[in-house]
Every structure is written in C-alpha cells, then in structure tokens.
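[1] give me a model of this one.
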Amino acid sequence: MPRNNDGLYQRNGRFYIDIWSPSGERIRRSAGTKDCKQAQQLRDKIAHELWQQEHIGIKPKRMWDEAAVKWLQDMNGKKSIDTDISRLRHLTGLRGLFLDALTREVIMSVVDALPCGNGTQNRYIALIRAILYKARDEWE
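    Down below sits the predicted model:
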C-alpha cells in the first residue's frame, strides 16, 4: 500500500502512521497492527489528542519511561547517577504506565515486590518521588 494522504501506509504487512500536528510537527510511528481498521482508529485517536493539545490546551499524557529517561538526561552530572540507573532498571513494574496512573498503591506494590530491605525500599520511593516532582514542575 503506497503512501497516501490519509496518514497511513503499510510496509511488510504492518501499518504505519504519518501525520502532521496542527503546530506543524510530523508524527511518524508504527501502528503496531496488521489490521487497517485498528490502524485508522489509532491514527484518529492520535490526531484528536494533538488537536486537543493545540486548541484546548490539554497537556499530553506522559509515561514513566519518558520521565525516567528525562531524569537521567537532566541529572547526568549527579555523583550517584549509576545508582539511579541501577534502581531504575529494577523498577520494571512501572514501565509502560502513564504518570497519572501512578498511585500510591501502584508504587508501593512495585517497591514491595523488590527483594530488598526497608531502607533500600525507602531509597527507591525517594527516587520515584524525585522523578515525579521533576516531571510535574518542569514539564509543560
């Protein structure tokens, strides 16, 4: 299926999205499906969210993975950055979650599942809290 103006194209059996935001930013990504209808629905959802961000001022939902990467980039000069990297690798239960879905119960269930003592669990919680505060205060 060649590229067309509807923002979808197919390569090796998978659909890809190629659309422009109202602000002129190009969004290209895999739809993660071989079904045309599902790809169209995802494209429409992304286009709707972009429109809301531009015209209504709704902030985009951010994921834990983005916050963790941004934390590591911003804190690159930190003396204990290697410790932060190690701790973030152990927090696999938070991967793929949106920041607004991180409730106290979710965080505590992930931290409680770690094979470490209470003091170390407190350090994990402090790192999570620092990342969430930085995301809240410095992201648009």
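[2] and Gly7, how many neighbours?
    Number of residues near Gly7 (other C-beta atoms under 10 Å) recorded here: 19. (Glycine included, C-beta is placed from N, CA and C.)
[3] next one: Ala68
    Neighbour number of Ala68 under other C-beta under 10 Å is 22.
[4] need phi/psi at it.
    Note on Ala68: its backbone torsions stand at phi -70, psi -40 [degrees, to the nearest 10].
[5] which helices and strands sit right next to the lowest-mean-pLDDT helix or strand in the chain?
    Least confident helix or strand, the chain: strand 26-30 with a mean of 86, by mean pLDDT, DSSP states H and E. The elements that strand 26-30 packs onto, with contact taken as 3 or more C-beta pairs under 8 Å, 6 or more residues apart in numbering; DSSP states H and E, are strand 14-20.
[6] packing partners for the strand it packs on?
    strand 8-11, strand 26-30, helix 36-55.
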